[in-house]
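> Dropping the sequence and predicted coords here.
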Amino acid sequence: MPLFIRKTFPQFLFLLIGVVIMVISFVSANSIISQSDSLPLAQRKMYLNKEILPDHVFYPIFMVFDRVRLTTASDSEKSRLQISYGWQRLDATKRLLDKGYQSLSFTTLTKALKYQNAGLLSAKQQLSVEEQKAVFNQAKQFQIEVEALVGSFTDQQQHEINGLFADQIHLTELLLN
């Protein structure tokens, strides 16, 4: 075998394996599967909008960017980001419900509540009293909007949402003390 082929073949093989892995990942990521029932929640789609929702093909990439921003943020900025991500997921929940993706909107709402709760806990520890009051007012509005959506879900889903919601109410009360 010529020297050129011996040197480039391993590189070509690794590149080919990488491309195959990327294609398999892209194809398998094209449908969103429920972790509890192993049922499809929605089919990922490619569309051009100002905002990318969890049903978009490239949504996982944007989630990675969100994680990187959270990881690299200062403690006070992390609190603000978590609260912002909670609001973004809440908005995505509403849009997904409008599209008829009830199960996907449920998982998105639970993520919204988890981000909001983490942000509230962090706000108590990291933000000034004045900033905490602003966060408290936003949390009250967040709660009102979540309450308006709860009826869109099954009884079991409502139970899980109500548990996260109770945590949020408790954390909001902590902000006041």
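Arrived safely.

> List the buried residues in the strand or helix carrying Asp98.
According to DSSP states H and E, Asp98 maps onto helix 75-99. Within helix 75-99, the residues that count as buried by 16 or more other CB atoms under 10 Å are 78-90, 92-97. Yep, even glycine has a C-beta here, placed from its N, CA and C like the rest.

> what's that helix in contact with?
42, 51, 53-55, 66, 69-70, 73, 104-105, 108-109, 111-116, 118-120, 122-123, 125-127, 135, 138, 142, 145-146, 149, 152 (CB atoms under 8 Å, 6 or more residues apart in numbering).

> Moving along the chain from it, name the first helix or strand you hit.
By DSSP H and E, the next helix or strand past helix 75-99 is helix 102-126.

> Give me the packing partners of that following helix, helices and strands only.
strand 40-43, helix 75-99, helix 129-149, helix 155-176 (3 or more CB pairs under 8 Å, 6 or more residues apart in numbering; DSSP states H and E).

> Put together a markdown table for those, with mean pLDDT and distance to Ile17 on each row.
Compiled in a markdown table, the helices and strands packed on helix 102-126 are given as follows (pLDDT from 0 to 100; distance: least, CB to CB, whole Å):
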| stretch | mean pLDDT | distance to Ile17 |
| --- | --- | --- |
| strand 40-43 | 50 | 28 |
| helix 75-99 | 92 | 34 |
| helix 129-149 | 90 | 44 |
| helix 155-176 | 86 | 40 |
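
> Present these as JSON lines; the columns should include distance to Leu16.
Shown next, in JSON lines, are the helices and strands packed on helix 102-126 (distance: least, CB to CB, whole Å):
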{"stretch": "strand 40-43", "distance to Leu16": "29"}
{"stretch": "helix 75-99", "distance to Leu16": "37"}
{"stretch": "helix 129-149", "distance to Leu16": "47"}
{"stretch": "helix 155-176", "distance to Leu16": "44"}
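
> Mind checking those for the one nearest to Tyr59?
helix 75-99 (9.2 Å; CB to CB).

> and that closest one, how far out from the chain's middle?
Distance, stretch centre to chain centre, for helix 75-99: 8 Å (CA atoms, centre = their mean, to the nearest Å).

> go on, stretch 129-146?
For stretch 129-146, the distance to the chain centre is 20 Å (CA atoms, centre = their mean).

> Equivalent analysis for stretch 154-174, please.
Counting by CA atoms, centre = their mean, stretch 154-174 comes out at 17 Å from the chain centroid.

> okay but Phe142 is in contact with Gln116, surely?
Yes - taking contacts as CB atoms under 8 Å, Phe142 lies within contact range of Gln116: 5.8 Å.
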